[in-house]
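Q: Attaching a predicted model along with its sequence, questions to come.
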Amino acid sequence: MSGLVQTTFIGFMVGVLGTGIGGSMAFLMRNPTKRFLSAVIGLSSGLMVAIVTFELIPEAFDIGGVLPTAAGIALGAFTASYIDMFISRLWRKSFGTKQGYIKTAILLGIGIALHNFPEGLAIGSGFSAQTRLGVGLAIVIALHNMPEGLAMVTPMKVGGYSSTKAFLLTLLAGAPMGLGAFVGVLIGEYAYDFIGVCLAFAGGTMLYITFGELIPRAKDLHSGRISTIFSILGFIGGIIISKTF
């Protein structure tokens, strides 16, 4: 039982620290210009697409196969679309137009939380198979979660959230990884097919949010080429992160 508690704690800390380090960028954004924020959101968009393309989806292919992965992506995108529609209706009734950036951050936070659960499953399953495997997975996943925290915190700052509030919300988005690690230890090797579908589902939600929210928001902030250039740089950076660590 102590091993179960330890692995759950490791999963929780990996999720919280990974997104939290990216979210800590909020404290560096004191009075950012729209051009700077557009560049950061563009960079985050490229990173997210690369992580989904070169990390989540290939891993889902390896674990669950092509058809379950395709179905998981479609279901994830559909779910994100439904959540988007629900939040948009709520926002129109209760908030001003500036809160659209907060809606983007909330959608992204949900996507990150959904993403962190299957990654927690992978950590828990890795520890149940071999401690060395679990440690390796935990380090890699923590590194990959940093861009997600940055992607989440930037629209919150644009929407008017304080640095502290934005940072704390990124920590919250990382917490489901602890639950995933707990479940992963319990079901061990039998979790792998489920992990594949979950990773694909999370990838679908994050693709919808990136293409439907982050990239358009970056263009709204600054109509120049800066967000496009940084999206490409972010994509290249995501490739390096995915293939190096």
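A: Done, it's in.

Q: which parts of the helix or strand containing A113 are buried?
A: Element membership for A113 (DSSP states H and E) is helix 100-129. Going by neighbour count (16 or more other Cβ atoms under 10 Å), the buried part of helix 100-129 is 100-128. For the C-beta atoms, the positions are set from N, CA and C on the backbone; glycine is no exception.

Q: same check, this time on stretch 49-58
A: Buried residues in stretch 49-58, counted by 16+ other Cβ under 10 Å: 49-57.

Q: Then stretch 71-88?
A: 72-73, 76-77, 79-81, 83-84, 87.

Q: and G212, what does it touch?
A: 80-81, 84 (Cβ atoms under 8 Å, 6 or more residues apart in numbering).

Q: where's it relative to I112, distance?
A: Here G212 is placed at a distance of 16 Å from I112 (Cβ to Cβ, to the nearest Å).

Q: Once you drop chain neighbours, what's closest to the residue nearest in space to the middle of the chain?
A: Taking Cα atoms, centre = their mean as the criterion, I112 is the residue nearest the geometric centre of the chain, at 3.2 Å. Nearest residue to I112, sequence neighbours excluded (Cβ to Cβ, 6 or more residues apart in numbering): A173, at 4.4 Å.

Q: The one helix or strand the one you found maps to: how far from the chain's middle?
A: Element membership for A173 (DSSP H and E) is helix 163-174. Relative to its chain's centre, helix 163-174 lies at 13 Å (Cα atoms, centre = their mean, to the nearest Å).

Q: what residues does the very next helix or strand once past it touch?
A: Next along the chain after helix 163-174, taking DSSP H and E as the criterion, comes helix 176-187. Helix 176-187 is contacted by residues 3-4, 7-16, 113-114, 116-128, 141, 191, 194-195 when judged by Cβ under 8 Å, 6+ apart.

Q: can you check stretch 162-175 too?
A: 12, 14-20, 22-24, 26-27, 29, 105, 109, 112-113, 116, 145, 148-149, 152-153, 156-157, 161.

Q: Let's see which of these end up in helices.
A: 12, 14-20, 22-23, 105, 109, 112-113, 116, 145, 148-149, 152-153, 156-157 (DSSP state H).

Q: And the residues you listed, which of them are buried?
A: Applying 16+ other Cβ under 10 Å to those flags 12, 14-20, 22-23, 105, 109, 112-113, 116, 145, 148-149, 152-153, 156-157 as buried.

Q: just for the chain, where's the confidence low?
A: Counting by pLDDT under 70, the chain has low-confidence residues at 1-2, 90-99, 126, 128-130, 132-133, 136, 140, 144, 187-192, 245.

Q: For G65, which non-adjacent residue is closest in space?
A: The nearest residue in space to G65 (Cβ to Cβ, 6+ apart) is G196, at 7.4 Å.

Q: got the contact list for the one you found?
A: Contacts for G196 (Cβ under 8 Å, 6+ apart) come out as 59-65, 68-69, 72.

Q: Please spell out the ChimeraX selection for the buried subset of those residues.
A: Those of those that count as buried under 16+ other Cβ under 10 Å are selected in ChimeraX with:
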select :59,60,61,63,64,68,69,72
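
Q: right, and K157 touches F36 too?
A: No: with contacts counted by Cβ atoms under 8 Å, K157 stays clear of F36, the gap being 10.6 Å.
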